[in-house]
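[1] any chance you can model this:
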Amino acid sequence: MCDIIGSLPLELLDQIVKYLDLEDIVRSQRVSKRWRAILSCDTIIRPLLRETLTFLGLDLEGVSTDVALADAMSYFQWRHNLQYARPIKKIFLPWPASFTSLPAKIQCRSRRLCCNMPKGGRAGMLNLETGEKSTWALSGKLTQIVDFLKLSDRYLVTGSLGLWGLHDMAAYDLHTKQKICQRIPPVGFLEAIVEDKVVFIASAGSQSRPLHVWDLSLNHMQKIGYFSNLVLYHVAATEKILVAFEINWEKRPPEMQQTKWKTTTGQQVAKGTFHLPELADHHNDGFKWRFDRCRTFGHKTVNHIFLPTDRYDTVRLEYDYAVGQLSAQRIRSVDPLYKGSLTICLAPNVICFWTWRSDHIAIYNATTGTVNLPAIQMRRGLSSWIRNKLQRRDGPRRFWDVFGDREVLGLADESGIELWFFSPRFVPDPQVLKRLKQNMAHI
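    This next block holds a predicted model:
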């Protein structure tokens with residue numbers, strides 16, 4: 001058989017390859033040695049790798065395009081698996097039989113799985129790389145309940161809920177095991193961890209609400225202004241700057257106000273207003289809108305505004321601190337399944353929509369504007385009290401929490417946790433998987 005494509009000049013092949021997407025290029029490399037050699041040259045691989053690292057947000061962490069071909073192919077497969085919701089491996093970890101209630105919060109970041117313990121002021125953690133377990137106490141009083149839990153690449157922050165908000169806080173440095181404690185006044189709910197800065201935000205019911213930033217390097221809590229209709233904030237930890245965006249729905253079109261604050265003193269240093277075309281046809285006629293939690297990737301922060309339209313639209317906001325620009329992208333949905341859904345940003349351009357009303361999630365690719373609906377089949381590994389509870393409840397069994405990052409997506413229901421692994425650079429081997437199951441049973 002004559003290989004017409006393989007016989008073309010490289011200059012012409014470069015122009016043809018530009019019309020192929022990542023999946024086509026990876027598949028075409030399997031045709032023949034000639035095709036693999038052509039599609040593996042630097043003029044094709046390097047631009048594609050740069051685009052892939054940006055898609056995964058790894059460019060924000062300093063990952064270079066100067067890598068071997070095998071490494072580049074692993075990044076391509078990682079991106080392909082994530083954007084099409086096709087995990088390399090799925091593992092299921094049933095809840096321990098000793099659990100008398102389900103954890104209130106679960107986190108999975110940087111290859112660590114963490115949840116609060118049903119009894120006592122403790123949090124249990126599993127290292128997904130080694131399978132080892134560890135326990136982290138909130139304070140000396142084990143009668144306290146861990147109501148809030150956040151996990152970042154370096155810190156684990158837990159808190160107990162008092163009458164009006166957070167009171168007892170504990171932050172652990174996962175590298176040095178150092179514990180930092182704060183007994184703080186009611187400042188709101190634990191919102192995010194950005195490097196060594198912990199952000200608290202007041203109840204959404206407040207008309208005008210402040211932000212508080214806990215600087216773990218100084219063990220100092222700072223109040224930052226008062227905000228109405230806050231839709232996005234970005235913390236530049238190194239520069240000790242917080243940038244906030246509020247929206248005024250009374251204006252037509254809605255007006256966005258940007259302010260900049262010092263996290264060390266709470267002083268406002270800049271202010272400005274502008275309009276977003278994506279919100280031009282919306283105004284406040286008594287409708288309810290809400291926004292999800294911000295997620296920061298390096299110098300970029302992503303968030304979402306949910307609009308109560310007939311199509312249940314969402315507006316994706318992205319702020320790039322490096323260039324000082326806020327951009328918006330309209331996500332139009334015609335499926336009422338995702339009305340009132342929540343989102344998790346697995347990567348800067350990958351969004352997971354989920355709703356507790358059904359066993360469905362949706363993976364949205366912001367670069368192409370496409371949505372994939374993966375199948376979910378949670379397995380039953382139930383303790384006796386959960387099994388009795390399920391038998392008494394009418395209707396289908398539903399999962400109640402979704403969490404994770406660009407490497408691992410976690411789904412939790414009454415039976416346990418299912419973990420989806422997307423990156424070929426990180427998949428637990430059978431020995432690690434065995435330790436994970438053993439330690440999960442005794443966490």
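
[2] which residue ranges make up each domain of the protein?
    What automatic domain parsing lists as the domains of the chain is 10-83, 84-102+342-443.

[3] comparing those domains, which comes out most buried?
    Ranked by average neighbour count under the criterion mean count of other CB atoms under 10 Å, the domains of the chain are headed by domain 84-102+342-443 at a mean of 17. In this view, the C-beta of every residue, glycine as well, is placed from N, C-alpha and C.

[4] out of the domains of the chain, which gets nearest to Arg112?
    In terms of CB to CB, the element of the domains of the chain nearest to Arg112 is domain 84-102+342-443, at 9.6 Å.

[5] quick check: end-to-end length of the closest one?
    When the termini of domain 84-102+342-443 are compared using CA to CA, to the nearest Å, they are 33 Å apart.

[6] still on that earlier bit, could you provide the domains of the chain in CSV, with additional columns for mean pLDDT and distance to Phe148?
    Below are the domains of the chain laid out as CSV (pLDDT from 0 to 100; distance: least, CB to CB, whole Å):
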stretch, mean pLDDT, distance to Phe148
domain 10-83, 78, 25
domain 84-102+342-443, 75, 14
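
[7] mind listing the helices for the stretch 51-200 of the chain?
    Under the criterion DSSP state H, counting those that start in this stretch, the stretch 51-200 of the chain contains helices at 69-83.

[8] pull the distance from stretch 213-233 to the chain's centre.
    Offset of stretch 213-233 from its chain centre (CA atoms, centre = their mean, to the nearest Å): 20 Å.

[9] what helix or strand is the closest residue to Leu276 other than its chain neighbours on?
    In space, not counting the residues next to it along the chain, Leu276 is nearest to Ala328; the distance is 4.8 Å by CB to CB, 6 or more residues apart in numbering. For Ala328, the element it lies in under DSSP states H and E is strand 325-331.

[10] just checking: what are the partner strands of that strand?
    Sheet pairing here is set by DSSP bridges, and for strand 325-331 it gives strand 314-320 (antiparallel).

[11] related to what we said a few turns ago, quick one: the residue nearest to Leu276 and Glu278 touch, right?
    Yes - the pair Ala328 and Glu278 passes the contact test of CB atoms under 8 Å, sitting 4.1 Å apart.

[12] what sits in contact with each of these two?
    Residues touching both Ala328 and Glu278 (CB atoms under 8 Å, 6 or more residues apart in numbering): Val315.

[13] between these two, tell me which one has more neighbours.
    Neighbour count, other CB atoms under 10 Å: between Ala328 and Glu278, Glu278 has more, with 20 against 14.

[14] give me the pLDDT value at the more buried one.
    The model reports Glu278 with a pLDDT of 79.

[15] A helix includes it, no?
    Yes - membership of Glu278 in a helix is supported by DSSP: H, G, I helix; E, B strand; the rest coil.

[16] do I have it right that it meets Thr314?
    No - counting by CB under 8 Å, Glu278 does not reach Thr314; the two are 10.4 Å apart.

[17] find the nearest non-adjacent residue to Phe353, please.
    Ala362 (4.3 Å).

[18] what angle do strand 325-331 and the helix or strand hosting that neighbour make with each other?
    If you go by DSSP H and E, Ala362 is part of strand 361-365. Between strand 361-365 and strand 325-331, the angle comes out at 130 degrees (axes from the mean of the first three to the mean of the last three CA atoms, to 10 degrees).

[19] direction included, what does strand 361-365 pair against?
    In the sheet, strand 361-365 lines up with strand 350-354 (antiparallel), strand 370-372 (antiparallel) (DSSP bridges).

[20] Throw these into a markdown table and include distance to Pro47, thanks.
    Converted to a markdown table, these look like this (distance: least, CB to CB, whole Å):
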| stretch | distance to Pro47 |
| --- | --- |
| strand 350-354 | 20 |
| strand 370-372 | 21 |
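
[21] returning to what we had before: helices and strands around the next helix or strand after the strand holding Ala328, which ones?
    Sequence-wise, the next helix or strand downstream of strand 325-331 (DSSP H and E) is strand 342-347. Counting by 3 or more CB pairs under 8 Å, 6 or more residues apart in numbering; DSSP states H and E, the packing neighbours recorded for strand 342-347 are strand 295-297, strand 350-354, strand 401-404.

[22] got TSV for those strands, with distance to Ala123 too?
    As requested, these are exported to TSV (distance: least, CB to CB, whole Å):
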stretch	distance to Ala123
strand 295-297	21
strand 350-354	23
strand 401-404	14
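
[23] and the ones you listed: which comes nearest Arg27?
    Nearest to Arg27, of all the helices and strands packed on strand 342-347, is strand 350-354, at 21.1 Å by CB to CB.

[24] what does that closest one contact?
    In this structure, residues lying in contact with strand 350-354 by CB under 8 Å, 6+ apart are 55, 82-83, 302, 304, 314, 316, 331, 338, 341-346, 360-366, 402, 404, 406, 409.

[25] let's see it at 7 Å
    Outside strand 350-354, the residues that touch it by CB atoms under 7 Å, 6 or more residues apart in numbering are 82-83, 316, 338, 341-346, 361-366, 402, 406, 409.

[26] for Ile351, list each beta-bridge partner.
    Under the criterion used (DSSP bridges), Ile351 bridges to Cys345, Tyr364.

[27] how close does Gly369 get to Thr301?
    Applying CB to CB, to the nearest Å, the value for Gly369 to Thr301 is 21 Å.

[28] brain fart, Pro185
    Per CB to CB, Pro185 is found 27 Å from Thr301.

[29] just for the stretch 151-300 of the chain, where's the confidence low?
    Within the stretch 151-300 of the chain, the stretches with pLDDT under 70 are 161-166, 187, 203-207, 282-292.
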